Structure formats: C-alpha cells, structure tokens
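Colleague: prediction below, plus the sequence it came from.
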Amino acid sequence: MYFDDSGGDITVTNNIFIDCKKTIRMGHGGNEWRTKQGRFESLIKNIGCDKSPWRDRYPALTSYLADRPQMPRGNLFARNLLVNSPLSETKGVTLENNRSVSQDPGLKDVGISGFIPIPMDQIGLKKQPKERSHMFVRNLLALLLGAVCATAVPVPLQITEVSPVKTEKRGPVAFADFGRAAYGNLKVEFTGEPPAGEVTVRLGEKLTTAGAIDRQPPGSVNYREVKLATKPGQRIYQLTIPPKPFHKGKASVKTPSTIGEVTVFRYAEVEADVPVLFRQLFVHAPFNDDASSFECSDETLNAVWNLCKHTMKATTAFGVYIDGERERIPYEADAYINQLSHYACDLDPRVARATVAHLLAHPTWPTEWSLHMPMMAAADYLATGDTVLAREHYDALKKKLLMDKARADGLLNASAIVDWPAAERDGYNEGVVDPNKKQQVGPMINTVVNAFYYHALNEMTLLARALNKTDDARDFEQKAGQVRESFQRVFFDPSRGLYTDGEGSKHASLHANMFALAFDLVPKDRVAKVADFVQSRGMACSVYGAQYLLEALFAAGKDRYAVELMAAKTKRSWWHMIESGSTMTLEAWDAEFKKNLTWNHAWGAVPANILTRYVLGVRPLAPGYTKLLIAPQPGALAWVRGKVPTPVGPVTLKLENAATFRLEVGLPANARATVILPHRKQNQLLLDGQPVTLNVEVPPGRHVLESR
C-alpha cells in the first residue's frame with residue numbers, strides 16, 4: 001500500500017494482503033510540493049476554510065495548516081489481514097487491529113474484530129430483477145469498501161430457516177410452535193393441492209390457556225393475521241405481511257426491500273384441510289452462536305442466560321438496535337445496554353456501530369440518553385481496540401456531553417428521565433415533574449443526570465486520549481474532577497450517609513444512590529452505607545435500571561445479592577419473563593408495570609453482560625482485550641463455567657466456589673490477564689501450584705489458580 005506524504009487522513013481498512021514484500025510504503029515527494037512557493041498554504045487559504053460552509057462541514061480544516069506541518073497525519077491502516085506480508089511501524093501511519101499470519105486462515109473468520117468477510121456466496125453472475133441487481137451492487141460495494149465510512153455500512157442481514165419443534169393438526173387448523181420467537185416471515189408448504197382462494201394465517205408470540213394463539217394478547221405482545229392468496233398447482237408460499245400503521249412513520253426503522261416486511265412470532269396457525277409444512281424465516285444479522293457460553297449450578301440462571309442470549313440475536317433483524325416491535329425506534333439507553341450484552345454474546349460490532357450512526361442523525365429526547373452516546377463509543381473502543389466511532393463522530397459525541405448546560409460549579413442544569421416507565425423511579429423527587437418536559441422530573445440540579453455526566457466525561461477523556469486530542473482530554477478530566485467534588489458537596493446528606501435526589505431535595509431514592517455507586521462517585525468510606533441502602537430497596541427500578549443496580553452491587557462487593565436478584569422468581573424478575581411464555585426479554589417486568597409492554601425488548605437482557613463481566617469477571621483493562629481483568633464474583637454459586645469473546649480470541653473459565661476457590665482459565669495467545677480471586681481463610685494464592693501475589697499477572701495459555 002503506497003501512502004503519498006503529500007496528503008493525510010487516508011484510511012485503509014478491511015483488506016487482505018497476500019505475499020507482499022513491503023506492505024506499506026511511504027512516498028517522499030510530498031514535502032517538496034508542500035513547501036514549494038507556499039502553494040499549499042495559498043490553496044487552503046483561498047478556499048476560505050475558516051468561514052461557512054467549509055467551517056461547518058469540515059471543522060478540522062480551520063486548523064489544518066497549524067496541525068500538520070511537513071509530514072501529514074491521520075493516515076490509518078486498520079483491520080487488515082496480512083498473509084505472508086510483513087508489517088512494520090511507518091512514520092505518519094497509525095496501525096490498529098491488524099493481523100499477520102503465515103498461512104491462509106480462510107475468509108469466514110479471520111480473527112479480526114470488525115472485519116467484514118468477503119461475501120463469496122453473493123459473487124458471481126445471477127439473473128435477478130433490475131431492482132435487486134442494483135441493490136446487490138450497492139450492498140457489495142458497501143461490504144468491500146467499508147473502510148470509507150465503517151459505521152455507515154449497512155449490516156448484511158441473513159435469513160435462517162427454522163423448523164418447528166412441534167406441529168399439530170387441530171381440526172381445520174394446522175398449528176406450529178417454533179420453540180422461540182424471532183423476527184421474520186413464514187414459509188408455508190401444502191403437501192397436497194392448496195385450498196382455493198384465500199387462506200387465513202395467524203402468527204403470534206403468546207398462547208391462550210387453551211393452547212391456541214392469543215388473538216387479544218396484553219399490551220403490545222404481537223399478534224398478526226394475514227390472508228394468503230393461493231394459486232392452483234402452487235404449493236409453496238411466503239407471506240406478504242402488511243406493515244403496521246406506526247411502522248410506516250419516519251422514526252421507525254424499515255427492513256431492506258431485499259428482506260421485505262417482517263413480524264415477530266413464535267407460533268403459527270394455518271386454516272387448511274390439507275396437511276401443511278411450516279418454516280420460520282428468521283431474519284437476523286450475522287451472529288456466532290458458539291462465540292460465548294455460560295453455565296452454572298443454578299438452573300434458573302442458566303435459563304435467564306439463554307433467554308438473554310437469544311434476545312441478542314433475534315433483535316438484530318433491522319441492522320440497528322431497536323426498542324421493540326411496538327415502535328421499532330432506536331433509543332440511546334436501550335442501545336447501550338443492547339451493545340454491552342451483544343458484545344458479551346458475540347463481539348461483532350457492526351450493528352452497534354450502525355446504531356451509533358443512526359442515533360447521531362436521529363437523536364431522542366431524554367437527558368441521560370444523550371450522555372449514553374459517549375458511553376457507547378467508549379464501550380466499542382475498549383471491546384475492539386478500534387477508535388472508529390470516536391474518529392468518525394468525535395465532534396458529535398462531544399456535543400452529547402451537554403457541557404453548555406453546566407453551571408459554574410460544573411454540575412449540569414437539566415431535568416432527568418431517571419427511569420422508565422415513570423412509576424419505576426422509586427419516588428424520585430417525590431414525583432415532581434419538570435414543567436417544560438413533563439416526562440422528566442427535577443430538581444434541575446439532580447443526582448442522576450450528574451452521575452451520568454461524570455461518567456460520560458470520563459469516557460470522552462478515554463476517547464480523546466486515544467485520538468491524541470490531549471487538550472480536550474485534559475479539559476474533560478478537569479471537568480470530571482469538578483463534577484465529582486460538587487457532587488459530594490451538593491448531593492450528599494451526611495446525617496443519613498446517603499445521596500439525595502438533587503439540590504434542595506430531602507428524598508433519597510434508590511436511583512440517586514445506585515447510579516453514584518455504579519459510576520464510582522462514592523468515596524470508599526461511604527460505600528458500605530450506600531450499598532446497604534441500595535440493597536434494602538430491592539429491585540425498585542425498571543429492567544433498564546437493573547443494569548446500573550447490578551453494576552452498583554457488584555462494585556460494592558455484594559455479588560451474593562446481585563446473583564440472587566438475577567435468579568429470583570418474583571414478578572420483578574427474568575424468570576417471570578420466562579414463565580410468562582416469552583422467549584425474548586420484556587420491555588418491563590410485567591404488564592402490571594407497563595400496560596403496553598412488548599415481549600421483544602433487548603434492554604431487558606441485562607444479565608447477558610452482567611454474567612460475563614462480573615460473575616465470570618472478564619473485562620478489558622486495555623483496548624481490544626490485549627490486557628484484561630478476570631475478577632469472578634460468583635456469589636453463592638457452587639460452580640460456573642463459560643466462554644467470553646474477545647478480538648484476540650475466546651477467554652474460557654471454569655471455577656469451583658468452595659472452601660478452596662479454584663479457577664481454570666484459558667487465555668488467547670495475544671492476551672495477558674490480571675486475575676483477582678475471592679479471598680479465603682489462608683489468604684494464599686497459587687498459580688499452577690506455585691505461590692503468587694494476590695493480584696497475579698497471568699500469561700497466555702491454560703492455567704489453574706487457587707485461592708485458599
């Protein structure tokens with residue numbers, strides 16, 4: 001690859017280099033042109049890049065000459081596969097997440113996070129309708145040229161045919177149960193001559209007590225009835241599903257024309273006297289079912305993991321994270337939880353990155369939702385080691401911090417959504433709403449918004465440093481420090497040892513304290529009191545709030561209680577979702593708490609990421625998991641085993657939680673881990689039989705650690 005040093009900001013990604021003697025070469029003609037008679041400076045200045053519209057569309061041009069003397073910057077060589085092709089550091093070119101091998105690894109799984117495989121099954125001459133031919137060309141170019149704008153590349157969707165786990169002939173009705181709900185269509189095959197005229201087909205997520213599809217399910221639980229027009233001699237059909245009225249709106253995400261309209265269903269009924277064969281046409285983004293696993297001594301928790309993992313795969317049908325079938329709209333907080341759990345199950349960043357691009361173009365209204373955007377970009381960077389989201393959207397992400405709303409002491413002046421639905425706020429601010437935004441509550445200087453602001457500032461500090469924006473990093477860090485100091489002064493009530501809901505408020509809610517605890521805003525000498533209060537409130541939050549409640553409990557060392565919450569069998573539990581009949585997570589704990597709830601809402605799949613990040617304890621210490629933390633917190637579970645996907649390969653763990661805590665760990669070749677195990681009476685730690693320090697550095701390979 002030839003980089004001419006007369007230009008910068010050249011991005012080379014998602015390529016395969018084979019038998020290249022010199023993979024990167026930097027030219028030497030540019031400096032002469034750059035300085036010759038001031039030509040470069042005069043061209044830039046004549047553009048007027050410090051004025052609109054250039055300044056607005058390309059803000060980096062305003063400081064281009066000052067930032068880039070002589071050798072250009074911003075050249076990136078990332079996510080490339082090098083087969084028998086040497087790669088060395090080259091001045092002026094940043095190398096990220098490339099892989100060098102001596103033999104062909106194949107084209108399906110090259111071991112590079114974010115690498116888009118060449119679509120071999122789509123290449124070749126095919127006779128297609130004109131519209132589909134044009135779509136194929138666009139999609140193929142998007143796949144192959146993904147380096148131009150990685151987050152704008154449409155996610156290639158797949159259709160998997162699923163056979164029913166149960167079929168029955170119930171008089172004139174043929175019934176099928178596919179075992180799990182999915183977004184998709186239905187393929188119907190009549191084994192004999194089909195009935196003449198129209199056939200009624202019913203699809204749904206829920207059954208009645210009589211075992212038929214529920215035609216009047218609660219809330220927004222899905223039910224569709226479709227008329228299928230048959231033709232003499234034609235036995236195989238695919239439904240034409242009409243879109244719901246709400247889904248025709250601009251805010252709802254549409255499926256590509258190559259896929260067609262879909263709906264979510266587990267069960268199917270066809271009114272026909274002729275025997276029928278069924279197939280569920282499950283639409284989803286690429287998903288490696290074998291990338292992750294979790295199993296433990298508690299069968300309820302195993303069922304919860306399976307529920308959440310299936311939700312991750314089944315809700316990718318639109319190529320971006322949506323809120324559920326009722327609206328099909330992406331929301332920032334939903335997307336962040338969805339991203340964490342998706343990466344815990346299969347670390348393919350394409351859907352998350354497409355969602356970030358969508359949300360930056362189509363933001364939603366809650367205050368804290370804006371602050372989730374830097375959190376998504378930072379989570380992607382830590383998980384993959386790739387700065388693509390920060391690099392492409394840095395200025396937009398910076399605006400999401402809402403720094404213009406900060407007052408002199410650093411705290412943001414903005415009302416909060418706190419939790420959703422509104423009844424899940426644990427009495428926050430005694431229910432007094434913001435008169436200008438009635439779906440949010442005050443006080444205007446409140447604990448929840450500022451806890452998120454503090455965390456988002458820290459995440460933007462990480463991203464700014466990764467992009468060498470040292471001045472911004474220093475500014476974000478300074479602001480975070482100011483917020484932390486003001487947070488203690490304004491919100492902490494020393495008489496109770498708790499954080500109040502906001503300035504002037506006497507009420508101390510679960511949310512005010514769990515967010516402070518989750519985001520490391522509670523000084524060590526206050527943690528015990530705050531954590532005890534958080535535990536005393538129980539699951540007094542929504543399925544969304546459960547993400548931060550569980551993070552807070554694990555951060556405070558209350559893993560026993562956190563695991564109990566995930567395995568609970570109360571109405572406010574994941575088991576209740578399962579016993580209700582759903583195979584994806586719900587939008588709320590029950591219709592009692594949200595009348596219009598859906599049965600396909602991914603923000604309810606919190607345990608997928610909590611079980612891997614905290615119970616198994618695998619988290620990145622360096623971007624891309626080149627260095628990682630293994631700090632299992634199994635609570636009272638007798639044993640746990642699992643596999644966690646990382647860009648450098650899977651991390652496998654098997655632990656026995658007894659008088660001696662025993663951990664078998666398998667680390668990929670390019671990873672090193674800091675392992676922290678629960679203390680036992682002797683306060684002794686062994687690595688492969690040899691005594692070591694309590695926080696031990698573990699090299700790649702398979703190892704056994706024991707805490708005695």
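Modeller: Arrived safely, thanks for sending. These numbers were taken from a predicted model, which means no experiment stands behind them.
Colleague: can you count the residues close to Tyr237?
Modeller: Using other C-beta atoms under 10 Å, Tyr237 is surrounded by 19 other residues. The C-beta positions use only the backbone N, C-alpha and C, and glycine is treated the same way.
Colleague: residues contacting it?
Modeller: 187-189, 194, 228, 230 (C-beta atoms under 8 Å, 6 or more residues apart in numbering).
Colleague: with Val356 instead?
Modeller: Counting by C-beta under 8 Å, 6+ apart, Val356 makes contact with 151, 335, 373, 376-377, 380, 389, 393.
Colleague: now intersect those residues with the helices, please.
Modeller: 335, 373, 376-377, 380, 389, 393 (DSSP state H).
Colleague: one step back: which among the contacts of Val356 gets closest to Ser495?
Modeller: Met373 (36.9 Å; C-beta to C-beta).
Colleague: and the contacts of Val356, which of them are buried?
Modeller: 151, 335, 373, 376-377, 380, 389, 393 (16 or more other C-beta atoms under 10 Å).
Colleague: of these, which pair is most distant in space?
Modeller: Most distant of the buried ones among the contacts of Val356, by C-beta to C-beta, are Ala335 and His393, 13.9 Å apart.
Colleague: name the helix or strand of this structure that has the lowest mean pLDDT.
Modeller: In the chain, no helix or strand scores lower on mean pLDDT, DSSP states H and E than helix 130-144, which sits at a mean of 42.
Colleague: next SSE after that helix?
Modeller: Next helix or strand after helix 130-144 toward the C-terminus (DSSP states H and E): strand 158-162.
Colleague: look up the closest residue to Gly192, ignoring the ones flanking it.
Modeller: Val274 (4.6 Å; C-beta to C-beta, 6 or more residues apart in numbering).
Colleague: can you check the pLDDT for the one you found?
Modeller: On the pLDDT scale, Val274 is placed at 90.
Colleague: thinking again about what came up before, confidence-wise, which of the contacts of Tyr237 comes last?
Modeller: Pro194 (89).
Colleague: setting aside sequence neighbours, what's the nearest residue to it?
Modeller: The nearest residue in space to Pro194 (C-beta to C-beta, 6+ apart) is Thr230, at 4.2 Å.
Colleague: can I get the ones in helices among the contacts of Val356 in JSON lines including distance to Ala622?
Modeller: Shown next, in JSON lines, are these (distance: C-beta to C-beta, whole Å):
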{"residue": "Ala335", "distance to Ala622": "25"}
{"residue": "Met373", "distance to Ala622": "23"}
{"residue": "Met376", "distance to Ala622": "19"}
{"residue": "Ala377", "distance to Ala622": "17"}
{"residue": "Asp380", "distance to Ala622": "15"}
{"residue": "Leu389", "distance to Ala622": "18"}
{"residue": "His393", "distance to Ala622": "22"}
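Colleague: contact partners of stretch 98-105?
Modeller: Residues from elsewhere that reach stretch 98-105 (C-beta under 8 Å, 6+ apart): 18, 77-87, 110-112.
Colleague: cool, stretch 682-689 as well?
Modeller: With contact meaning C-beta under 8 Å, 6+ apart, stretch 682-689 is reached by 677, 691-694, 696, 698, 703-708.
Colleague: how close does Ile159 sit to Tyr183?
Modeller: 11 Å (C-beta to C-beta, to the nearest Å).
Colleague: the two: which is more packed in?
Modeller: When Ile159 and Tyr183 are compared on other C-beta under 10 Å, the one with more neighbours turns out to be Tyr183, at 27 against 16.
Colleague: what separates the more buried one from Arg680, distance-wise?
Modeller: 47 Å.
Colleague: give the rounded mean pLDDT of stretch 697-708.
Modeller: For stretch 697-708, the mean per-residue pLDDT is 94.
Colleague: give the buried residues for that stretch.
Modeller: 698, 703, 705-708.
Colleague: how about those residues in CSV, adding distance to Pro363 and secondary structure?
Modeller: Listed next are the buried residues of stretch 697-708 as CSV, based on distance: C-beta to C-beta, whole Å; DSSP: H, G, I helix; E, B strand; the rest coil:
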residue, distance to Pro363, secondary structure
Val698, 42, strand
His703, 46, strand
Leu705, 46, strand
Glu706, 50, strand
Ser707, 47, strand
Arg708, 53, coil
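Colleague: what would these look like in a markdown table with distance to Trp639?
Modeller: Listed next are the buried residues of stretch 697-708 as a markdown table, based on distance: C-beta to C-beta, whole Å:
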| residue | distance to Trp639 |
| --- | --- |
| Val698 | 20 |
| His703 | 18 |
| Leu705 | 15 |
| Glu706 | 14 |
| Ser707 | 15 |
| Arg708 | 17 |
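Colleague: now for these: which two are most distant?
Modeller: That would be Val698 and Arg708, which, of these, are the farthest apart (C-beta to C-beta) at 17.4 Å.
Colleague: hmm, back to that, joint contacts of Ile159 and Tyr183?
Modeller: By C-beta under 8 Å, 6+ apart, the residues touching both Ile159 and Tyr183 are 282-283.
Colleague: surely the residue nearest to Gly192 is in a helix?
Modeller: No: under DSSP: H, G, I helix; E, B strand; the rest coil, Val274 sits outside any helix and is assigned coil.
Colleague: run a quick neighbour tally on it.
Modeller: Val274, neighbours per other C-beta under 10 Å, totals 15.
Colleague: got it, and Leu521?
Modeller: Neighbours around Leu521, by other C-beta under 10 Å: 23.
Colleague: ok, it - contacts?
Modeller: Taking C-beta under 8 Å, 6+ apart, one finds 451, 454, 484, 487-488, 515 in contact with Leu521.
Colleague: now do 6 Å
Modeller: With contacts defined as C-beta atoms under 6 Å, 6 or more residues apart in numbering, the neighbours of Leu521 are 451, 487.
Colleague: good, wrapping up.
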